[in-house]
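**Q** sequence first, then the predicted structure, then my questions.
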Amino acid sequence: MDELCRYGMALMITSLGCAIIACGDDDPSLPPPPAGMNDIGHQESDAGRSTFDSVPLIDAGVDSGSTGEPESIDCSRDSSLGLLEPGAQGTVEVKLHPVDSPDVTCSDADEGVAAHNLRFNLASSAIIRWTHLHEGGAPSLGFHALGQECHEDSPCQIGASAQFAHPAGAGQLLRIEKPTQATSATLHFEVEDALCAPAGEGWCEDGAYMECYQGQRIDSYPCANHLCAMAGSCVADRCTDALPVVPGTPDAPTVIDGHRHGYTHSAHFDGFQGCELDNIKSESTDLFFAIDDIPSDRSLVVESLGQGTYGFFILSDCDASQCLKAGSSDEEFNNRIHWEPNTSVDSAIVAIRPSDSVSRAFSFAFSFDETEETDP
């Protein structure tokens, strides 16, 4: 009988050990399950809840191979939400891991940084709103929309929430950064159609510079003479695209209107001899106008009719290395330049640069001033 009991006890222990082995944790040597298998199109959420116990979460997982020690950010190692379509919303918990501070481009890295790369695919342009959920008020995160190429100069927002407009495409990447050694963050997201994307992208169309504003609208800025130099900017943006102007008379000058927002280039004549003006910022945008058939017995007058202060720079051509004249105000303190060319000059480039970087409309008047005739 004692022998039978000992045999039964051994059998029970062996069975219990097998059950424990069969029901225990996964073998850590095995790869994690595929990411992006969650159906996020119908996730319910309640961003106003005070606890997370009842909030349905999509676990975005953690980068494989994380050791808990600071490491370099690798944009190819991340988790995925799969395909996001307009109308989708949900709550996702991301696992943050320490990263080397030099790799962080959004958050303040003085206290050490934890981060996570979250990928998703978009069938169409979309606006995604992200909200950090946290008991007692959400601390700030760094939300860095890196696009498809992990661009370091991509849009970045710091706060408890962020919103980005994304173009259609696979492999969209959002990096979440936190300036502490945090282990996780819970985010709520909402997806809606975007009118345009990406936010801030600009192009020239029908004589105006068009720009996508946060995916919600397209702003339009008129070019000088309603002309585009190319798809990306207005005419007169570069010296080689200088806008030809035929000056009028003092009573009927030729007026060129436009908006600075369609102009991108600057510093064309920095360092040129005779081009220094103390009140004009060298990093401000340059505009270029070409004047031909300049009469030797008249002076060229260029004046700003709009807001802001401008510097006027006269160049012989686009290959010049010095200014024939530079000025910002005349003797009457008007924002105007008078230039009397000599007999050897019959054409010139008028470069105009503002004293500030404010995005505003401009209006310039060009005229040839009559010279007074004297009796012989």
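**A** In hand now; what should we look at? Numbering: from 1, shown residues only.

**Q** CA atoms for contacts and neighbours, from now on please.
**A** Noted.

**Q** count of neighbours near residue 231?
**A** Residues near residue 231, counting by other Cα atoms under 10 Å, number 12.

**Q** with the one 3 residues further on instead?
**A** If you count neighbours by other Cα under 10 Å, residue 234 ends up with 33.

**Q** go ahead and confirm it touches residue 259.
**A** No. Counting by Cα atoms under 8 Å, residue 234 stays clear of residue 259, with 9.5 Å between them.

**Q** need the overlap of contacts for these two.
**A** By the contact definition Cα atoms under 8 Å, 6 or more residues apart in numbering, residue 234 and residue 259 are jointly contacted by 223-224.

**Q** so which strand or helix has residue 94?
**A** strand 89-95 (DSSP states H and E).

**Q** name the strands paired with that strand and say parallel or antiparallel.
**A** strand 58-59 (parallel), strand 184-193 (antiparallel) (DSSP bridges).

**Q** can I get the last one as PDB, trimmed to CA atoms?
**A** This points to strand 184-193. In PDB, the C-alpha atoms belonging to strand 184-193 read as follows (Å, rounded to 0.1, in the frame of the first residue of the first chain):
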ATOM      1  CA  SER A 184       4.800  53.300 -21.200                       C
ATOM      2  CA  ALA A 185       2.300  55.900 -22.400                       C
ATOM      3  CA  THR A 186      -1.400  55.600 -23.200                       C
ATOM      4  CA  LEU A 187      -2.600  57.500 -26.300                       C
ATOM      5  CA  HIS A 188      -6.100  58.100 -27.800                       C
ATOM      6  CA  PHE A 189      -6.200  58.700 -31.500                       C
ATOM      7  CA  GLU A 190      -8.900  59.900 -34.000                       C
ATOM      8  CA  VAL A 191      -8.600  59.900 -37.800                       C
ATOM      9  CA  GLU A 192     -10.400  62.100 -40.200                       C
ATOM     10  CA  ASP A 193     -10.100  63.100 -43.900                       C
END
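
**Q** any idea which helix or strand comes after that strand?
**A** Per DSSP H and E, strand 184-193 leads on to strand 202-205 as the next helix or strand towards the C-terminus.

**Q** quick one: strands adjacent to the next helix-or-strand element following that following strand?
**A** Where DSSP H and E defines the elements, the next helix or strand beyond strand 202-205 is strand 208-213. Paired neighbours of strand 208-213 in the sheet (DSSP bridges): strand 202-205 (antiparallel), strand 217-222 (antiparallel).

**Q** same list, the ones you listed, but as a markdown table with distance to residue 323 please.
**A** Converted to a markdown table, the strands paired with strand 208-213 look like this (distance: least, Cα to Cα, whole Å):
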| stretch | distance to residue 323 |
| --- | --- |
| strand 202-205 | 30 |
| strand 217-222 | 29 |
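
**Q** just name the most buried of the ones you listed.
**A** Mean neighbours per residue, mean count of other Cα atoms under 10 Å, is largest over the strands paired with strand 208-213 for strand 202-205, with a mean of 20.

**Q** distance from that one to the middle of the chain?
**A** Distance of strand 202-205 from the chain centroid (Cα atoms, centre = their mean, to the nearest Å) equals 16 Å.

**Q** which outside residues touch that strand?
**A** So strand 202-205 is contacted by 209-212, 228, 230-234, 262 (Cα under 8 Å, 6+ apart).

**Q** so what's residue 286 up against?
**A** Residue 286 is in contact with 237-238, 263-268, 351-354, counting by Cα under 8 Å, 6+ apart.

**Q** for residue 343, helix, strand, or coil?
**A** Put simply, residue 343 is coil when judged by DSSP: H, G, I helix; E, B strand; the rest coil.

**Q** separation between it and residue 296?
**A** Going from residue 343 to residue 296 by Cα to Cα, to the nearest Å gives 5 Å.

**Q** and what of residue 129?
**A** Where residue 296 is concerned, residue 129 sits at a distance of 63 Å (Cα to Cα).

**Q** so the two - more neighbours on which side?
**A** Comparing residue 129 with residue 296 by other Cα under 10 Å, the one with more neighbours is residue 129, at 17 against 14.

**Q** what sits closest to the more buried one if chain neighbours are left out?
**A** Nearest residue to residue 129, sequence neighbours excluded (Cα to Cα, 6 or more residues apart in numbering): residue 163, at 4.4 Å.

**Q** wasn't that neighbour part of a strand?
**A** Yes. Under three-state DSSP, residue 163 falls within a strand.

**Q** residue ranges in the protein under the pLDDT threshold?
**A** Applying pLDDT under 70 to the chain flags the ranges 1-78, 101-105, 107-111, 137-138, 151-153, 181, 371-376.

**Q** where along it do the helices fall?
**A** Ranges of helices in the chain, per DSSP state H, are 2-23.

**Q** at the geometric centre of it, which residue do we find?
**A** residue 155 (4.8 Å; Cα atoms, centre = their mean).

**Q** was I right to think that one contacts residue 162?
**A** No. Residue 155 is beyond contact range of residue 162, at 10.5 Å (criterion: Cα under 8 Å).

**Q** which parts of the stretch 201-350 of the chain are strands?
**A** For the stretch 201-350 of the chain, strands defined by DSSP state E, counting those that start in this stretch occupy the ranges 202-205, 208-213, 217-222, 228-230, 233-234, 243-244, 254-259, 287-291, 299-304, 310-315, 325-327, 336-339, 348-354.

**Q** let me have those strands in JSON lines, extended by distance to residue 83.
**A** Shown next, in JSON lines, are the strands of the stretch 201-350 of the chain (distance: least, Cα to Cα, whole Å):
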{"stretch": "strand 202-205", "distance to residue 83": "27"}
{"stretch": "strand 208-213", "distance to residue 83": "24"}
{"stretch": "strand 217-222", "distance to residue 83": "24"}
{"stretch": "strand 228-230", "distance to residue 83": "35"}
{"stretch": "strand 233-234", "distance to residue 83": "34"}
{"stretch": "strand 243-244", "distance to residue 83": "47"}
{"stretch": "strand 254-259", "distance to residue 83": "40"}
{"stretch": "strand 287-291", "distance to residue 83": "45"}
{"stretch": "strand 299-304", "distance to residue 83": "52"}
{"stretch": "strand 310-315", "distance to residue 83": "50"}
{"stretch": "strand 325-327", "distance to residue 83": "57"}
{"stretch": "strand 336-339", "distance to residue 83": "58"}
{"stretch": "strand 348-354", "distance to residue 83": "46"}
